[in-house]
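Asker: predicted structure and sequence below. I'll ask about it afterward.
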Amino acid sequence: MNEIFYDFTGNPFVDAGIWAISQWVGKKPEKLDKDDFRSIINDVTFLYLSPKWSKNMYQIFPNNPITNNAVKDKKNRYSQILNELIEEMTPLGNNGNCISCGRRDVLERSAKDRVPLTGSKKLINYFSFGTDGADYCPACTFAIQFAPLIMYSCVKMLLIHSNSRKVMKKWSKKAKNNIDKQLSSKNYTGCLNEGFKNPKNALFHIIQDMILSYDERWYLEKPSINFYHFTNFNQGPNLDIYNVPTSVFRFLAYIPPDNFENWLKVVRRGYRFVNWEKVKEEDEYKNNPNTVYDNLLENKSIIRFFINRKNREAIGGWDLISYYLEEVRNMDEKRINVIKDVGDRLVDHIETMDDMKTLNRLEMAANYRSFRNVLRIIIKKRISNGIEDPLFTFDDYVDYLFPEGNLTWRETQDLILFRIYEKLQPWIIQQGNQSELETQESEEAQEEE
Ligand SMILES: [Zn+2]
């Protein structure tokens, strides 16, 4: 008998439920059968009825037997509903009118007590299109009942959905590990909750944690990942959807574990409204808005966060930033290499000429014209010093350094400075911090007195 009940549907609630069941019984989704479904009802209903889980359930399934105060025998009532769905469910067929799987027929329309963010039968006042529910087959309705097991609590609920089996598998595994801890300690704390209130920060934390915790060949994946931040509260259901660009996932997956600390340094520079002098632990800022994360989601550049201009520091090295440029910014590889080479020649120039003034000028240039002018001065100096190798060719200049002139010159400036800071760090420390060192020494001397 080769009956298959579940396959990816593309519906975030149904797929989450399928992976939750799969993780709970330890079988691949396509191997699940009715005995598996029956075997989990007791344990899951028990969990849902614990105070913290049932509090989460108010946001997910209001008015179902778990959350409806009028229902007396909650456990039996809910188990009965689940058992009925098992009886009604059929294996996947070729077609059907279920809006989730499309491969089975609907027997009864489901409302928000069974499917989040759908109608509430007679109470249709706030539900879009005024429909009284949604058309889900018994099998898909059944799966949804287990979706809370892999939801993440972030004031509202956060639901992760991906077309990548690997992502769904690892995520549901993490959620199940958390439940296993709750069960063994008899301390039922509800959906996974790590104190995040800001959904964007939470979703990056989830992805980064997944990449770091599971030693997988993530770079082979090209997942599309969505996060659904929602509440199904009776008083005001609400939904925000965040799409994590595939390129952003691939960039994060590329970062070698031993360079991740540097990436997190870049991220830290993105937090807004933080008084770093006073901060003692991550909890104090982890919910602040973060421009690095915001920009990654909005397809805006984060180049400037790799560069600490004040300390003349290049964070993470050329490997990290060039991978970001290529993967996320879609920058031409040739352009990246030309900028790097020009940066290297400028490094030689500054070092051999002992020329802090040139570095200052490159940093201070505030528009396209003055930046080009600084480069022109350097070219002249190099010629008068008898250096034959040109700073850059005419083609490099037009095609790669400033391909869109005024539009991209700032990016080029940032990247050239990044390369200079990276290569020249010892020299910069020697030069630039001379005066700083002197003040520090005199301060220390004073303290000793
Ligand atoms: Zn279905």
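Answerer: Arrived safely. Since we're looking at a predicted model, the values are computed, not measured.

Asker: tell me the residues of the stretch 101-250 of the chain that contact the ion?
Answerer: Residues of the stretch 101-250 of the chain found near the ion, taking C-beta under 5 Å from the ion as the criterion, are 101, 104, 137, 140. C-beta: built from backbone N, CA, C; applies to glycine.

Asker: can you confirm the last one is in a strand?
Answerer: No: for C140, which was evaluated using DSSP: H, G, I helix; E, B strand; the rest coil, the result is helix, with no strand membership.

Asker: from I81, how far out is it?
Answerer: To I81, C140 is 14 Å away according to C-beta to C-beta, to the nearest Å.

Asker: for these two, indicate the residue with more neighbours.
Answerer: When C140 and I81 are compared for neighbours, C140 comes out ahead with 30 against 18, by other C-beta atoms under 10 Å.

Asker: wait, the more buried one sits on R103?
Answerer: No: the criterion here is C-beta atoms under 8 Å, and C140 misses it with R103 at 9.6 Å.

Asker: and for T141, the neighbour number?
Answerer: Neighbourhood size, T141 [other C-beta under 10 Å]: 27.

Asker: let me fix that: I241
Answerer: I241: 12 neighbours (other C-beta under 10 Å).

Asker: before we move on, which element is it in?
Answerer: Secondary structure from DSSP states H and E places I241 in strand 238-244.

Asker: do you know how far the closest residue to N385 other than its chain neighbours is from Q431?
Answerer: Distances taken as C-beta to C-beta, 6 or more residues apart in numbering place M353 nearest to N385, at 7.8 Å, with adjacent residues excluded. With distances taken as C-beta to C-beta, M353 is found 12 Å from Q431.

Asker: looking at this, N2 is in a helix?
Answerer: No: with three-state DSSP as the criterion, N2 is assigned coil and is not in a helix.

Asker: what about the helices in the stretch 201-350 of the chain?
Answerer: 246-254, 260-268, 291-298, 317-327, 333-353 (DSSP state H, counting those that start in this stretch).

Asker: JSON lines for those, including mean pLDDT, mean neighbour count and distance to I86?
Answerer: Below are the helices of the stretch 201-350 of the chain laid out as JSON lines (pLDDT from 0 to 100; neighbours: other C-beta atoms under 10 Å; distance: least, C-beta to C-beta, whole Å):
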{"stretch": "helix 246-254", "mean pLDDT": "95", "mean neighbour count": "20", "distance to I86": "36"}
{"stretch": "helix 260-268", "mean pLDDT": "96", "mean neighbour count": "16", "distance to I86": "44"}
{"stretch": "helix 291-298", "mean pLDDT": "98", "mean neighbour count": "17", "distance to I86": "40"}
{"stretch": "helix 317-327", "mean pLDDT": "96", "mean neighbour count": "19", "distance to I86": "45"}
{"stretch": "helix 333-353", "mean pLDDT": "94", "mean neighbour count": "17", "distance to I86": "55"}
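
Asker: report pLDDT for D132.
Answerer: Listed pLDDT for D132 reads 64.

Asker: likewise the one 5 residues further on?
Answerer: At C137, the model reports a pLDDT of 96.

Asker: around it, how many other residues sit close by?
Answerer: C137 is flanked by 29 other residues according to other C-beta under 10 Å.

Asker: can you name the residues that contact it?
Answerer: Shown in contact with C137 (C-beta atoms under 8 Å, 6 or more residues apart in numbering): 89-90, 96, 98, 100-101, 104-107.

Asker: tell me the domain ranges of this structure?
Answerer: If you go by automatic domain parsing, the domain ranges for the chain are 12-246, 306-449.

Asker: for R268, which of those domains is the nearest?
Answerer: domain 306-449 (9.6 Å; C-beta to C-beta).

Asker: now that closest one: how far from the chain's centre is it?
Answerer: How far domain 306-449 lies from its chain's middle: 31 Å, per C-alpha atoms, centre = their mean, to the nearest Å.

Asker: next one: stretch 53-66
Answerer: 27 Å.

Asker: can you say which helix or strand has the residue lying closest to N193 once chain neighbours are set aside in it?
Answerer: Excluding its sequence neighbours, the residue lying closest to N193 (C-beta to C-beta, 6+ apart) is S153, at 4.0 Å. Element membership for S153 (DSSP H and E) is strand 152-154.

Asker: other residues contacting that strand?
Answerer: Defining contact as C-beta under 8 Å, 6+ apart, one finds that strand 152-154 is touched by 56, 158-160, 175, 190-193, 196-199, 202, 206, 229.

Asker: all good on my end, thank you.
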